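>>> Quick one, fold the following:
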Amino acid sequence: MSSKIIIKNVEPEYNGQRIDKFLSETLPEYSRSFIQKVVKDGGVLVDEKCVKSNYKLSAGQILKLNVPELVEPDIIPEDIALDILYEDDDIIVVNKPKGMVVHPAAGHYTGTLVNALMYHCRDNLSGINGVTRPGIVHRIDMNTTGVLVACKNDAAHIFLSEQLAVHSITRKYNAIVHNSFKDNSGTVDAPIGRHHIDRKKMAIDYKNGRNAVTHYSVISNYGKYAHIECQLETGRTHQIRVHMSSIGHPLLGDDVYGSGKSPYRLEGQTLHARVLGFVHPSTGKYMEFEAPLPDYFKEIIVDLENKCK
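Now for the predicted structure:
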């Protein structure tokens with residue numbers, strides 16, 4: 001198995017910290033259990049000496065990691081039905097269903113949007129994001145439904161990535177959250193980073209987080225619940241879920257940033273990417289696409305409205 005070498009310098013703020021905790025904080029792409037295994041197998045040197053996972057660091061030390069690179073499996077095109085909202089030679093815009101993972105990853109190498117796109121588009125997908133993410137320029141969570149664009153060539157991918165970087169893409173989401181609102185609209189401006197304990201989660205992090213801004217407006221209050229629209233200014237991982245939970249309005253069905261308790265049978269959070277707008281990479285014209293609310297979402301709204309009569 002091939003491997004890669006990573007060099008890390010221990011800054012003063014990490015003086016006295018366990019090596020496994022230091023590495024999991026500074027290398028969020030790896031799980032803590034994976035890092036502990038690398039340390040146990042002798043893959044980490046501190047000043048050229050092997051150490052154990054409970055070793056406490058001193059400022060100024062130099063770490064050398066010999067990290068085994070995982071062999072990515074071949075991704076197979078699959079004949080999976082797609083709800084296509086728009087398609088041309090540069091882009092394809094789809095309405096992603098609930099429960100579909102966007103791109104292959106550990107535990108999800110089949111049945112993903114990428115598997116479906118590879119079958120539908122054949123070899124016409126951008127290769128910038130590597131073999132497991134062809135065409136993918138942005139993503140939405142497995143249990144979030146709605147609009148997503150994929151790129152068929154590298155030029156289109158670069159063009160859309162630049163719009164994402166400067167936050168010029170329009171992204172509007174509908175969500176059902178716990179608890180009604182006093183104000184009809186508001187903005188959550190709070191940086192988001194990896195949770196300091198659970199690395200699979202995100203959290204508000206004013207020290208190390210990245211800038212994150214979510215604007216929201218209330219469509220309807222339903223006593224214990226509310227139907228809102230969120231417009232993203234930035235696009236951090238789990239941004240809406242983290243932001244709304246932070247102000248006391250976790251998403252209905254969200255068992256990561258909320259209790260997950262619901263009077264309805266749900267698969268995760270009640271969140272729908274309804275509108276996506278951007279400048280087309282070839283024509284230079286602004287285009288906007290809208291995916292209708294999924295049936296389960298509409299049924300919840302009808303039920304909440306009936307209960308409030």
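>>> can you list the domain ranges for this structure.
3-68, 72-166, 167-309 (automatic domain parsing).
>>> At which residues are the strands of the stretch 151-300 of the chain located?
In the stretch 151-300 of the chain, the strands defined using DSSP state E, counting those that start in this stretch lie at 170-178, 185-189, 192-194, 202-204, 213-222, 225-232, 271-279, 286-290.
>>> Residue 87 is nearest to which of those?
The minimum distance between residue 87 and these falls on strand 286-290, with 11.1 Å, by Cβ to Cβ. All C-beta spots, glycine's among them, are computed from the backbone N, C-alpha and C.
>>> Make a markdown table from the strands of the stretch 151-300 of the chain and add mean pLDDT to it.
Output for those, formatted as a markdown table (pLDDT from 0 to 100):
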| stretch | mean pLDDT |
| --- | --- |
| strand 170-178 | 98 |
| strand 185-189 | 98 |
| strand 192-194 | 91 |
| strand 202-204 | 95 |
| strand 213-222 | 98 |
| strand 225-232 | 98 |
| strand 271-279 | 98 |
| strand 286-290 | 98 |
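>>> JSON lines please, covering those strands and showing mean neighbour count and distance to residue 160.
Below are the strands of the stretch 151-300 of the chain laid out as JSON lines (neighbours: other Cβ atoms under 10 Å; distance: least, Cβ to Cβ, whole Å):
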{"stretch": "strand 170-178", "mean neighbour count": "23", "distance to residue 160": "12"}
{"stretch": "strand 185-189", "mean neighbour count": "14", "distance to residue 160": "25"}
{"stretch": "strand 192-194", "mean neighbour count": "20", "distance to residue 160": "22"}
{"stretch": "strand 202-204", "mean neighbour count": "19", "distance to residue 160": "23"}
{"stretch": "strand 213-222", "mean neighbour count": "17", "distance to residue 160": "20"}
{"stretch": "strand 225-232", "mean neighbour count": "21", "distance to residue 160": "15"}
{"stretch": "strand 271-279", "mean neighbour count": "21", "distance to residue 160": "6"}
{"stretch": "strand 286-290", "mean neighbour count": "14", "distance to residue 160": "11"}
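>>> how about TSV for those strands, with distance to residue 145 added?
Formatted as TSV, the strands of the stretch 151-300 of the chain follow (distance: least, Cβ to Cβ, whole Å):
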stretch	distance to residue 145
strand 170-178	10
strand 185-189	22
strand 192-194	22
strand 202-204	20
strand 213-222	17
strand 225-232	14
strand 271-279	5
strand 286-290	13
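>>> and residue 103, how many residues sit next to it?
Residue 103 has 21 neighbours, counted by other Cβ atoms under 10 Å.
>>> Ok, residue 165 next?
Per other Cβ under 10 Å, the neighbour tally for residue 165 reads 10.
>>> who's in contact with residue 260?
253, 254 (Cβ atoms under 8 Å, 6 or more residues apart in numbering).
>>> again, 6 Å this time
Applying Cβ atoms under 6 Å, 6 or more residues apart in numbering, we find residue 260 in contact with no residue.
>>> pLDDT wise, what is it at?
In this prediction, residue 260 carries a pLDDT score of 86.
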